[in-house]
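# only geometry, no sequence info:
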C-alpha cells in the first residue's frame, strides 16, 4: 500500500465518522519543503496537518530500531507548526499487522530511528482500526 493509499483510507474513514463536521484536503506540493500530505479541520477538535507513512512490518525484537523514511524537511515542518501552537500529526500504518500508530510530537526522534519499545511509548494512540474521535488528540 502506497502512502497515498494510507492517506486516502484515513481521510475516507474520517469523513465517514464526522460527515459534514470535517473538511479535509490532500496536499500535493511539489515545490514546498516538508509540507505534510493533508490538512483537516474537524468541528470541535481543530485544524490538523497530517503526514502519512507506512511500514511493511514491525521488527520482531523490542530493541530493534524502527526506521521510518521521511523526505527532507518533513519532521522540521511538523515540529515548527506544533511549536507555533498548531496541531501536527504523524499517522503510520503497519501493513503486516494492520495497525495504525498516531504521533502528535517527537517527530525528529521517530525520524532518527528508535527501538520498537520506545516507538510504541512515543505514540499517543495505536489500534487495529481507526476509531474516531479516539485517534485524534484532545
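Everything's here; your move. These numbers were taken from a predicted model, which means no experiment stands behind them.

# contacts, neighbours, all on C-alpha from now
OK.

# Each with direction, which strands does the lowest-mean-pLDDT helix or strand in the chain pair with?
Using mean pLDDT, DSSP states H and E, strand 125-127 stands out as the lowest-scoring helix or strand of the chain, at a mean of 77. Sheet pairing for strand 125-127, assigned by DSSP bridges, gives strand 99-103 (antiparallel).

# which regions of this protein lie under the pLDDT threshold?
The chain contains residues with pLDDT under 70 at 1-2, 128-135, 137-138.

# can you give me the helices in it?
3-18, 74-83, 107-112, 116-122 (DSSP state H).

# Name the residues that touch the longest strand along the chain?
Taking DSSP state E as the criterion, the chain has its longest strand at strand 46-55. Contacts to strand 46-55, defined as CA atoms under 8 Å, 6 or more residues apart in numbering, come from residues 1-4, 6-7, 36-41, 68-69, 78, 86-95.

# buried ones in it?
47, 48, 49, 50, 51, 52, 53, 54, 55 (16 or more other CA atoms under 10 Å).

# Mind putting the helices of the chain into CSV with mean neighbour count and distance to residue 29?
Below are those laid out as CSV (neighbours: other CA atoms under 10 Å; distance: least, CA to CA, whole Å):
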stretch, mean neighbour count, distance to residue 29
helix 3-18, 16, 13
helix 74-83, 18, 12
helix 107-112, 16, 20
helix 116-122, 16, 28
